[in-house]
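> predicted model follows, preceded by the sequence.
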Amino acid sequence: MSGPVEIVLIVAAIGYLMVRRLIGEPAQAKQMLILPAVLSVVGLSTLSGEVKTPASMVFLVGTAAVSVALGVLRGMSVRISRRDGTAFVRYTALTVALWVANIVVKIGVNLALDAFAPQDAGGVANSMLLTIGVGILAEGLVVLYRALRAGHQVMWTQGSDGAPGQTSPLLDNIQRNLNGRPAEWNTQSAHDAAPTRRNLVP
């Protein structure tokens with residue numbers, strides 16, 4: 001079974017995403033990329049030396065691939081709109097259902113492996129943090145792609161206490177390359193534009 005620290009991290013990460021995105025929030029690239037990357041790295045570090053057999057490696061790669069696939073589907077199911085000049089994301093019922101499916105598949109694989117190949121189960125059972133992390137990362141990449149492709153402005157991170165948010169020239173360049181033209185938000189009037197702090201993030 002996963003250790004207490006890993007379980008707490010998984011519950012905290014999923015709960016954080018669920019609450020914020022069921023309510024809806026501005027798309028923030030830093031949140032969508034850095035958080036799952038950290039979870040994936042921590043999850044990978046917990047597996048050091050535990051995946052010792054070909055069977056456990058196959059199961060690990062398989063469950064990670066399923067998590068990535070479900071993450072891509074979740075990213076496609078997220079509702080993206082434009083609010084205050086920036087991309088606004090919100091989970092749908094389908095997104096939540098895909099989350100439930102992701103967790104059920106992972107638990108089912110762990111139970112099956114424990115039943116049929118208990119000698120290989122240890123490393124895979126402790127891989128939930130890694131598989132959840134790569135799934136969230138895949139979801140975030142798809143949401144960012146969809147938002148940028150639609151011409152919405154995506155903040156790197158939202159400002160606090162009324163401070164303007166930070167944008168990323170890298171994201172702006174990706175958006176221009178995707179669309180082959182200036183983004184919609186870049187052509188709006190000064191009256192409609194939300195305040196942003198430009199060119200603070202590579």
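Perfect, I can see it now.
> name the residues of stretch 93-101 that are buried.
T95, L98, W99 (16 or more other C-beta atoms under 10 Å). Backbone N, C-alpha and C define where each C-beta goes, glycine included.
> can you give me the pLDDT of the most centrally placed residue in the chain?
Among the residues of the chain, the one closest to the centroid is I136, at 2.9 Å (C-alpha atoms, centre = their mean). Here the pLDDT value assigned to I136 is 94.
> do the same with S160
The model's pLDDT for S160 equals 71.
> now do the stretch of helix or strand L35 belongs to: everything it contacts.
Element membership for L35 (DSSP states H and E) is helix 29-46. Helix 29-46 has contacts (C-beta atoms under 8 Å, 6 or more residues apart in numbering) with 3, 6, 9, 13, 126-137, 139-141, 143-144, 154-157, 168, 171, 201.
> any idea which helix or strand of this structure has the worst average confidence?
Lowest on mean pLDDT, DSSP states H and E among the helices and strands of the chain sits strand 196-197, with a mean of 46.
> wait, A27 sits on W156?
No: between A27 and W156 there is no contact under C-beta atoms under 8 Å: 10.2 Å.
> of those two, which one has the most company?
Between A27 and W156, counted using other C-beta atoms under 10 Å, the more crowded position is A27 (24 against 21).
> what are the phi and psi values for that one?
When read as degrees, to the nearest 10, the backbone of A27 gives phi -70, psi 130.
> where's it relative to V41, distance?
Look at A27 and V41: by C-beta to C-beta, to the nearest Å, they are 23 Å apart.
> ok, K30 next?
From K30 across to V41, the span is 16 Å (C-beta to C-beta).
> returning to what we had before: can you say which of the contacts of helix 29-46 are buried?
If we count by 16+ other C-beta under 10 Å, those have these buried: 6, 9, 13, 126-137, 139-141, 143-144, 154-157, 168, 171, 201.
> understood, closing this out.
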